[in-house]
Structures are given as C-alpha cells and as structure tokens.
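# could you work out the structure for the sequence below:
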Amino acid sequence: MLDWFLLFLQIMLINIVLSGDNAVVIALASKNLPLHQRKQAIWWGAFGAIGLRLVLTVIAVYLLSVPYIQAAGSLLLLWIAIKLLADDDSHAHVKEASSLGKAIWTIIVADLVMSLDNVLAIAAKAQGDVSVIILGVGLSIPIIIWGSTLVVTLLNKFPIFVYAGAGILGYTAGEMFVSDKKMQQYVLHHNDTAHWSIPVVTTIVVIAAGFIWKKANAAGKPA
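Residues are numbered from 1 along each chain as shown. Next up, the predicted model:
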C-alpha cells in the first residue's frame, strides 16, 4: 500500500511539474472571455484534455511492452527531463480566444500537443497500473486548473520542485531502459547491478546536464 501511495505521489508531481506550460495555456486561452464563460472554458476544456490524456496514457502503457520501444522511450524521456531543467522558465505562447467554443478547443488542442512528455513519463512510471494513472492524472489536473497561475509561480519560486520532478523523470528513464526485455538480455545478463545502477546514473546525468545547460543559457542571455 505504501509503495502504491508513493507511486501515486510521484505521478502527481511529474504531472504538475510537466504541466507548467499547460497551466499558462489555460490562463491565456480564456483571458479575454467574460468571467462566467471563462470558468466554463477552463472546466470544459480541461475535462476534454483530461479524457484524451488518460486514453493516450493507457495506450502508451501497452505500447511500452513492445521490445525496444521502452529502450527508445527511455532515451526520449531522458531528453525531456534535461530540457525540463534547461527550459523551466519558458512559457507556451498561445493566442487569447474570442469565444467560449474557441477557448475550449484551444485548451484541448494545446494540451494534447504539449502532453507527449506527460503521457510518456506517467505511462513509464505507472508500470502497467492503470488505476494509479487515472487517480494521479485525474487529481493533479484540477490542481493545475484551480491554480493555473499559482502553479507557474510556485515552480518558478521554488526550483526544488522542478529538480525533484526532473530527478524522478531521470530515474524513470533508467528504469524504462532496464525494463525493456531486449535490454535485459544484453545488459542485465552481464551486469547484476545494472537494474539499480543505471537509474541512479540517469538521475545524476539529468540533474547535472540540466543544471549546466540552464547556467549556460542564463550566461548567454543579455543582461
């Protein structure tokens, strides 16, 4: 039970950290609407986005069982984790919608386009447990909706949350790699410690590379 709860918390954190830009989309898409329509746009748009994201995540869970797919996905997730640290202060640019229908459509489409990282990370972390996916995504999205501006502010003000999320992604990428049946034949057959050492190494690589990249980007920006 404790393992399930910890997994649930990790999925919540991953989804919230990776949804900073999605929160900005929600805020911007409904910005120009009257207050009562703004609330409708946020809720209906988010409801549609949640449904699509859950379906895609469940599909991804089964796709990851295909040989070599997990290994390839782990490399993509490793890149996503590093980019999360390097670009954690970037925001999505989306036009304000002029009507309720357009705002709902904008929120759903933008969330779908930007959700590849969420879908891949959560599917990998859940390791086939569909119930924890539904609860983790289902409960973290309302947090993002209710406090779309607050989420972005907190992630900017307390970088430790971003680093924690990136670290979990790095570890998950390592777990994905060693969970691939073909990689187990090649790697674990020759190295008994690879099942824990590779995730630890990928975690360190993500945090170190992301930190260095972030500092290099900051140094290159004009004052």
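# next one: the longest helix anywhere in the chain to chain centre, how far?
Longest helix in the chain, counting residues (DSSP state H): helix 35-63. With Cα atoms, centre = their mean, to the nearest Å as the basis, helix 35-63 stands 14 Å off its chain's centre.
# tell me how far L35 lies from A103.
Remark: distance between L35 and A103 (Cβ to Cβ, to the nearest Å) = 13 Å. C-beta here means a position set from N, CA and C on the backbone, and glycine is covered the same way.
# of these two, who's got more company?
A103 (26 against 8; other Cβ atoms under 10 Å).
# mind checking the SS state of the more buried one?
Three-state assignment for A103 (DSSP: H, G, I helix; E, B strand; the rest coil): helix.
# give me the next element, helix or strand, following the longest helix of the chain.
Using DSSP states H and E, the helix or strand that follows helix 35-63 in sequence is helix 69-86.
# what packs against that next one?
The helices and strands touching helix 69-86, judged by 3 or more Cβ pairs under 8 Å, 6 or more residues apart in numbering; DSSP states H and E, are helix 116-126, helix 159-179, helix 181-183, helix 194-220.
# tell me the angle the longest helix of the chain makes with helix 116-126.
Interaxial angle, helix 35-63 versus helix 116-126 (axes from the mean of the first three to the mean of the last three Cα atoms, to 10 degrees): 50 degrees.
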